[in-house]
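Participant: Structure for the following, please:
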Amino acid sequence: MTDAEDTEPKAPQSTSSSAAPPVTEPTGPAPVPLLEPREGIPPVTATEEDLDKVVQRFAEGSGPVAVDAERASGYRYGQRAYLIQLRREGAGSALIDPVGCPDLTTLGDALADTEWVLHAATQDLPCLREIGMVPRQLFDTELAGRLAGFARVGLGPMVEHVLGYALEKGHSAVDWSTRPLPEPWLRYAALDVELLVDLRDALEAELGEQGKGEWARQEFEAICSAPPAPPRKEPWRRTSGMHKVRRRRQMAAVRELWTARDHIAQRRDISPGKVLSDAAIVAAALAMPTDVRALCALPGFGHRMGRRQLTQWQEAVERARHLPDRELPTPSQASNGPPPPRAWADKDPVAAARLTAARSAVTARAEELRLPQENLLTPDTVRRLCWEPPEEPTREAVAASLRERGARPWQVEQTVDLLVEALDQPAPAS
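Facilitator: Numbers count the residues shown, from 1 in each chain. Okay, the predicted model is just below:
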């Protein structure tokens, strides 16, 4: 896991006197530092022969299997896994090197009928899928913490507040493509799965007491059945600082620079940000320098950059400069969704009134249920429903619309009546 994966999002705090408070952090003895795995640091499995032994061992284990993956975000191109950690009752722990063992299909098949326990599963599943590990059932401890109403749902805080142990998180953002991996990093990695099944059991009990066990089961099934995310369209538009770029030819420069950078990063297998920063791309697009000397004067293109590098970036700017108008990008990416909410009052005042009422109702219900609003119903689902409601917003029609947009049965049950009422908003007085 990286720092980004172990952030601790805050559950919404209740502003209603009748709403249940969030799960509070226990006060009592200081958490016990978790310094060593129970059986010590397992050896790194990096050969097919050793992998066969791990597969057999874990196939013979019992109960859920804890699974985690470490990537090299910020160091390498893409999001491939560079270490896989597992733990299961009767099998102990294992650390597997996907560089030495790039195909873990046999392991995935051996655990196919086992519940996998992950923390923030959607972040690890894509890189696990790449190496042949696809769960059929899972338990996501981060999502379970959200549904249970915990204010802090990073793995460290969850283990600390639920189980009373303190995890050391100092190596979360290191370069996991390093070989050989230092022993302190391996210890950290093994400890990340040491108590994951224990955390799962405690959270399952908490959810059961709150009457949310079925909700969690539906959420976990939805994660397992979700198809891989399609490639992002026009990913260059996500360049940080893109909002400063207004003209179409400048946008073309961002696109050309971003594409050139991506090709170089992929070829060299390094993070694109280490090739050229987003800030430098935006600076060049805004300035549209006419030669290498002018480019060199811009932030991010200083004296440390070689002539060859400067030339390739200037060539990207020149490609954008000479593109015919018909090939320039449009100011905004085409969208099949509703316009930004800030524009609703002018475009459709009635829809704006529906959205205000719906947001308020869903937020209040989320507070009552002691969970984040986005876990009760995604903001995008609320917006789309309010922009294009059913012709006759009956309970059945609204429920069908929510299901079509991916809402789970428990979400429909908790929000459909509120939304039916919100959709029945009179036109605002002119």
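Participant: Show me where the stretch 51-200 of the chain has its helices.
Facilitator: With DSSP state H, counting those that start in this stretch, the ranges of helices along the stretch 51-200 of the chain come out as 105-110, 121-130, 141-148, 155-158, 183-194, 196-209.
Participant: hey, which of these is tucked in deepest?
Facilitator: Highest mean neighbour count among these (mean count of other CB atoms under 10 Å): helix 141-148, with a mean of 24. For every residue, glycine as well, the C-beta is placed using N, CA and C.
Participant: Show me the one of the helices of the stretch 51-200 of the chain that comes nearest residue 54.
Facilitator: Nearest of those to residue 54, taken as CB to CB: helix 105-110 at 6.9 Å.
Participant: For the closest one, give the mean pLDDT please.
Facilitator: Averaged over helix 105-110, pLDDT sits at 98.
Participant: swap in stretch 173-183?
Facilitator: Stretch 173-183 comes out at a mean pLDDT of 96.
Participant: what does it contact?
Facilitator: 2-3, 41, 44, 70-76, 82-83, 99, 185, 189 (CB atoms under 8 Å, 6 or more residues apart in numbering).
Participant: okay, the helices of the stretch 51-200 of the chain in TSV with distance to residue 65 next?
Facilitator: TSV is the format used below for these (distance: least, CB to CB, whole Å):
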stretch	distance to residue 65
helix 105-110	10
helix 121-130	12
helix 141-148	13
helix 155-158	17
helix 183-194	9
helix 196-209	8
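Participant: Residue 388: which of those helices is closest?
Facilitator: With CB to CB, the closest approach to residue 388 among the helices of the stretch 51-200 of the chain belongs to helix 121-130: 27.1 Å.
Participant: between the helices of the stretch 51-200 of the chain, which gets nearest to residue 395?
Facilitator: helix 141-148 (24.6 Å).
Participant: what's the spacing between residue 148 and residue 202?
Facilitator: 10 Å (CB to CB, to the nearest Å).
Participant: actually residue 167, sorry about that
Facilitator: Remark: distance between residue 167 and residue 202 (CB to CB) = 15 Å.
Participant: cool, residue 142 as well?
Facilitator: Taken as CB to CB, the span from residue 142 to residue 202 is 14 Å.
Participant: Sort out for me which of the contacts of stretch 173-183 are in strands.
Facilitator: 44, 70-71, 82-83 (DSSP state E).
Participant: so which of those is the most crowded?
Facilitator: When neighbours are counted by other CB atoms under 10 Å, residue 70 leads the ones in strands among the contacts of stretch 173-183 with 27 neighbours.
Participant: Model confidence for the residue nearest the centre of the chain, exactly?
Facilitator: Central residue of the chain (CA atoms, centre = their mean): residue 123, 4.8 Å from the mean position. On the pLDDT scale, residue 123 is placed at 96.
Participant: same question, residue 29
Facilitator: 83.
Participant: hang on, it packs against residue 165?
Facilitator: No: shown here, residue 29 and residue 165 do not form a contact pair, counting by CB atoms under 8 Å, at 11.3 Å.
Participant: Could you check which of those two has the larger neighbour count?
Facilitator: More crowded of residue 29 and residue 165, by other CB under 10 Å: residue 165, with 18 against 7.
Participant: residue contacts, the closest residue to that one other than its chain neighbours?
Facilitator: In this structure, residue 165 finds its nearest non-sequential neighbour in residue 34, 4.5 Å apart by CB to CB, 6 or more residues apart in numbering. With contact set as CB under 8 Å, 6+ apart, residue 34 has these partners: 159, 165-168, 191, 194-195.
Participant: and residue 311, what does it touch?
Facilitator: residue 292.
Participant: Next, find the distance separating it from residue 267.
Facilitator: Distance from residue 311 to residue 267, by CB to CB: 17 Å.
Participant: same question, residue 59
Facilitator: Computed as CB to CB, the residue 59 to residue 267 distance reads 39 Å.
Participant: Would you mind telling me which of those two has the busier surroundings?
Facilitator: Neighbour tally, residue 59 and residue 267, criterion other CB under 10 Å: the higher count belongs to residue 59, 15 against 10.
Participant: Give me the contact list for stretch 72-82.
Facilitator: 2, 4, 69-71, 97-99, 124, 126-128, 130-131, 173, 175-177, 265-266, 268-274.
Participant: Nearest to residue 215, out of the contacts of residue 34: which one, please.
Facilitator: The closest of those to residue 215 turns out to be residue 159 (CB to CB; 22.6 Å).
Participant: List the contacts of that closest one.
Facilitator: 34, 165-167, 195, 199.
Participant: Just put these in CSV and tack on distance to residue 318 and pLDDT.
Facilitator: Putting those into CSV (distance: CB to CB, whole Å; pLDDT from 0 to 100) gives the following:
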residue, distance to residue 318, pLDDT
34, 56, 93
165, 58, 96
166, 55, 95
167, 51, 91
195, 56, 97
199, 55, 98
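Participant: Show only the entries of the residues you listed found in strands.
Facilitator: Those of the contacts of residue 159 lying in strands (DSSP E): 165-166.
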